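*Asks:* how would this look folded up:
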Amino acid sequence: MRQISGAILNNDIFINTSHVVKIEKVDDNNSINIYMNGISQPITLSFESISVRDEKFPKIIMELYGYDYSVIKT
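*Replies:* Predicted structure coming up:
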């Protein structure tokens with residue numbers, strides 16, 4: 001299994017996988033918010049459209065956690 005320490009996002013932000021608390025999509029501005037331990041405001045990544053954001057979201061998860069996650073649909 002591949003061991004990683006984090007990921008570089010948009011060639012600008014490095015986040016460590018052990019510090020990420022929550023990653024969520026925001027429809028109001030086609031963005032992804034990344035919440036981390038000890039930081040009150042999220043890191044916001046903005047995209048030109050919802051479809052681009054939806055394409056990048058699972059790629060960010062894969063870079064951080066590989067296949068070690070599950071998808072739950074309600």
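*Asks:* from here on, just use CA atoms for contacts and neighbour counts.
*Replies:* OK.
*Asks:* who's in contact with the helix or strand where Glu55 lies?
*Replies:* Applying DSSP states H and E as the criterion places Glu55 in helix 50-65. Helix 50-65 is touched from outside by 4, 6-7, 9, 17, 25, 27, 30-32, 46-47, with contacts defined as Cα atoms under 8 Å, 6 or more residues apart in numbering.
*Asks:* repeat that for 7 Å
*Replies:* With Cα atoms under 7 Å, 6 or more residues apart in numbering as the test, helix 50-65 has contacts from 6-7, 17, 30-31, 47.
*Asks:* which of the residues you listed tops the neighbour count?
*Replies:* Ser31 (21 neighbours; other Cα atoms under 10 Å).
*Asks:* mind listing what the closest residue to it other than its chain neighbours touches?
*Replies:* What sits nearest to Ser31 in space, not counting adjacent residues and going by Cα to Cα, 6 or more residues apart in numbering, is Ser46, at 4.2 Å. Taking Cα under 7 Å, 6+ apart, we find Ser46 in contact with 30-32.
*Asks:* in helices, which of those fall?
*Replies:* Judged by DSSP state H, helices contain none of the contacts of Ser46.
*Asks:* which of those residues fall in strands?
*Replies:* Counting by DSSP state E, the part of the contacts of Ser46 found in strands is 31-32.
*Asks:* is it possible to get CSV of the contacts of helix 50-65 that adds pLDDT and distance to Glu63?
*Replies:* Formatted as CSV, those follow (pLDDT from 0 to 100; distance: Cα to Cα, whole Å):
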residue, pLDDT, distance to Glu63
Gly6, 73, 8
Ala7, 75, 6
Thr17, 72, 9
Asn30, 93, 20
Ser31, 95, 18
Phe47, 94, 18
